[in-house]
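1. fold the following and give me the result.
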Amino acid sequence: MKTSRCPRGRNLLLLGALVSALSTGCSNDCPAEDPISFKGGFTDPTRTFYRSSNPDGPFLHFPGGRVYDLVHGLRETPSLVLPFVSFSQNGSMSVSPGNQSVISIDDKIVRVQNATCAEFYLFVVATTLPLVPPDADAGSLVDAGAE
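-> This next block holds a predicted model:
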């Protein structure tokens, strides 16, 4: 006598529960807060490099929806902004992926928004230094993959 089982139905139910659990962390249900003006951080004497804190912290608390206006004090609009996130206020960090740090910049501020509902800590560096040496022209640059 055969016993009737429904493994396919159970598997679909488990798959549905897994997708539901995973998708809750990826939605953008947290509305953006009003920007917080942050005038801390460090700008070097030449006004070409800014960082929001020391590299070992303490980092800025960065819960879901948080928006910071980092007043950078640089001499012009940054040419490069790198946001990093951490799970703790001090310690290790990694480059911020995806919409964990949505960036907009101008000559006064770097605006950083956590467009997720996840909680992080934020460290930002910005520079006005050219990304290509000023004496280089397009013809003198070599493709890194060229042999």
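
2. now do the helices in this protein.
-> For the chain, the helices defined by DSSP state H cover 7-23.

3. in the protein, what secondary structure element scores lowest on mean pLDDT?
-> The weakest-scoring helix or strand in the chain, judged by mean pLDDT, DSSP states H and E, is helix 7-23 (a mean of 42).

4. and the strands in the protein, which stretches?
-> 36-38, 42-43, 49-51, 60-62, 67-71, 80-86, 94-95, 102-105, 109-113, 120-127 (DSSP state E).

5. I'd like these as TSV, with mean neighbour count appended.
-> C-beta here means a position set from N, CA and C on the backbone, and glycine is covered the same way. Listed next are the strands of the chain as TSV, based on neighbours: other C-beta atoms under 10 Å:
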stretch	mean neighbour count
strand 36-38	13
strand 42-43	14
strand 49-51	19
strand 60-62	20
strand 67-71	21
strand 80-86	19
strand 94-95	10
strand 102-105	16
strand 109-113	21
strand 120-127	22
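
6. with distance to residue 30 and mean pLDDT as extra columns, can I get those in a markdown table?
-> As requested, these are exported to a markdown table (distance: least, C-beta to C-beta, whole Å; pLDDT from 0 to 100):
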| stretch | distance to residue 30 | mean pLDDT |
| --- | --- | --- |
| strand 36-38 | 15 | 97 |
| strand 42-43 | 29 | 96 |
| strand 49-51 | 26 | 97 |
| strand 60-62 | 12 | 97 |
| strand 67-71 | 11 | 97 |
| strand 80-86 | 15 | 96 |
| strand 94-95 | 21 | 94 |
| strand 102-105 | 12 | 95 |
| strand 109-113 | 10 | 97 |
| strand 120-127 | 12 | 97 |
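
7. look up how far residue 73 lies from the residue nearest to residue 72 when sequence neighbours are not counted.
-> In this structure, residue 72 finds its nearest non-sequential neighbour in residue 50, 4.2 Å apart by C-beta to C-beta, 6 or more residues apart in numbering. Distance of residue 50 to residue 73, given as C-beta to C-beta, to the nearest Å: 7 Å.

8. intersection of neighbour lists for these two?
-> By the contact definition C-beta atoms under 8 Å, 6 or more residues apart in numbering, residue 50 and residue 73 are jointly contacted by residue 43.

9. contacts only, for the residue nearest to residue 34 when sequence neighbours are not counted.
-> Leaving aside its chain neighbours, residue 34 sits nearest to residue 67 (7.1 Å; criterion: C-beta to C-beta, 6+ apart). Residues in contact with residue 67 (C-beta under 8 Å, 6+ apart) are 32, 33, 34, 35, 36, 111, 112, 113, 114.
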